[in-house]
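**Student:** structure, please.
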Amino acid sequence: MLLAIEQGNTNTLFAVHDGANWIAQWRAATDSSRTADEYAVWLSQLLNMAGLQFGVLDACIISSVVPQSIFNLRNLSRRYFHVEPLVIGENAELGIPVRITKPAEAGADRLVNAIGAHIVYPGDLIVIDSGTATTFDVVAADGGLEGCAIAPGINLSMEALHTAAAKLPRVAIQRPEHVVGKDTVEAMQAGVFWGYIALIEGLVARIKAEWGRPMTVIGTGGVASLFHGATSAIDHFDPDLTIRGMLEIHRRNPAKA
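**Tutor:** Residues are numbered from 1 along each chain as shown. As a prediction, this is how the structure comes out:
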């Protein structure tokens, strides 16, 4: 019974896999100061609600882009599950080449996404992960991570407008009907949403032109569903890409797991 912990800058996902299926998933706001004991109190309640308990968890894998949280997540696994966790970027063998100038700089989320995409989709890929940042990873047909383009996430851009411009309000991200808004809220929503669609379409087109071979584009991440149906630049939307990649890495490390 595997507990996968996927921590982004905004949210942290806890998912349980029973060897055949994902049977439970929960999300919490990412807080780098949260201790192992605080995680345990919160997680124990959710496990009980799902008819589970700490004793059934006999493996743990951690993917985090928040380095200061890894210590507490590792202690959670050691203290409450009595297992040494696999940590992406530390003690987990990935089984793919990382062909960037400084491989250590590749975020855990990008590495996991590359594997999660490669095992399902053939050929050369662009993996777009929409979260706090929007990343465009190029994954070669052999699974190798070739490089990336990184842009601010859509929520970050909307928050920046509100913070930096005194008269602009904080508004929710949603798909507006028109590109030209009739009031301030509509104008902000149109500019940010359709601006991001143009960002996606433009970067995908430029990456494909630079790559020079056919590529399949995969969309994933917390806000990827916003773009579903708004652009033909994304071929597949795959919300399970990250945890699929984590499960595959767990399977590639049987001795350590």
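**Student:** neighbours around the residue lying closest to R175 once chain neighbours are set aside, how many?
**Tutor:** Excluding the flanking residues, the one nearest R175 by Cβ to Cβ, 6 or more residues apart in numbering is F193, at 5.7 Å. The way it works is simple: take the backbone N, C-alpha and C, and place the C-beta from them, glycine included. Using other Cβ atoms under 10 Å, F193 has 20 neighbouring residues.
**Student:** quick check on F193: phi, psi?
**Tutor:** With angles defined as degrees, to the nearest 10, F193 sits at phi -60, psi -60.
**Student:** cool, and A198?
**Tutor:** Torsion angles, degrees, to the nearest 10, at A198: phi -60, psi -40.
**Student:** mind checking how far it is from T231?
**Tutor:** 9 Å (Cβ to Cβ, to the nearest Å).
**Student:** tell me which of the two has more neighbours.
**Tutor:** Comparing A198 with T231 by other Cβ under 10 Å, the one with more neighbours is T231, at 16 against 13.
**Student:** that one contacts I200, doesn't it?
**Tutor:** Yes. Counting by Cβ atoms under 8 Å, T231 does reach I200; the two are 6.0 Å apart.
**Student:** run through the helices of the stretch 1-150 of the chain in chain order.
**Tutor:** With helices called from DSSP state H, counting those that start in this stretch, the stretch 1-150 of the chain shows them at 36-49, 67-76, 108-118.
**Student:** right, and the ones you listed - which one's nearest G131?
**Tutor:** Set against G131 and scored by Cβ to Cβ, the helices of the stretch 1-150 of the chain come closest in helix 108-118, at 7.9 Å.
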